[in-house]
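> pasting the sequence and the predicted model now:
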Amino acid sequence: MTGHRFILVLLFGFVLIYLPVRLWSVVDRPETFGIVQMVAILICAVGGTSALWCASTFAVIGRGTPAPFAAPSRLVIRGPYRFLRNPMYVGVGVLFTGAAIFYQSRVLLAYVALFCIASHLFVVHYEEPTLRRHFGSEYSAYCRRVRRWWPRW
């Protein structure tokens, strides 16, 4: 199991840190700073704040972290998790989308699309089965109440 966790940590580091940094290094800065960049900064702030809210909720309520090697000991269904089962992925996706808009970069926008696809596959094939095994009927009931990617209004 430790090797499996190590691979997950490498995967998260690769997807969330290494690849975006590499992509940003090949993206040109915008020639002007206008309304598009200001809106993009706001989008980045919303996404980043959301992701930080999720991480702090994991720490305070779940007594753990988003990292698989220090996962929460309790099922986290409060805070942003009342609205979505995966708000951290959504927050990071929104952050990356803001960056793509800021730089007006198709490369970064393509990365956002790949990030969304990879996140969905990871959640469906690894995270949800793991949570279902670990938390059982409590997690199943949560899944019936709260959607994976789009909130119920």
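Cool, got the structure. Numbering: from 1, shown residues only.

> contacts, neighbours, all on C-alpha from now
Will do.

> pull the number of nearby residues for R152.
Around R152 sit 9 other residues, with neighbours defined as other CA atoms under 10 Å.

> wait, R132
Neighbour count of R132, defined by other CA under 10 Å: 14.

> which residue sits closest to it, ignoring its sequence neighbours?
In this structure, R132 finds its nearest non-sequential neighbour in Y139, 5.8 Å apart by CA to CA, 6 or more residues apart in numbering.

> would you mind measuring from that neighbour to I43?
Distance of Y139 to I43, computed by CA to CA, to the nearest Å: 31 Å.

> looking at the two now, which is surrounded by more residues?
Using other CA under 10 Å, the more surrounded residue of Y139 and I43 is I43, with 21 against 18.

> list the residues that contact that one.
By CA atoms under 8 Å, 6 or more residues apart in numbering, I43 lies in contact with V94, L95, T97, G98.

> mind redoing it with 6 Å?
Contacts for I43 (CA atoms under 6 Å, 6 or more residues apart in numbering) come out as G98.
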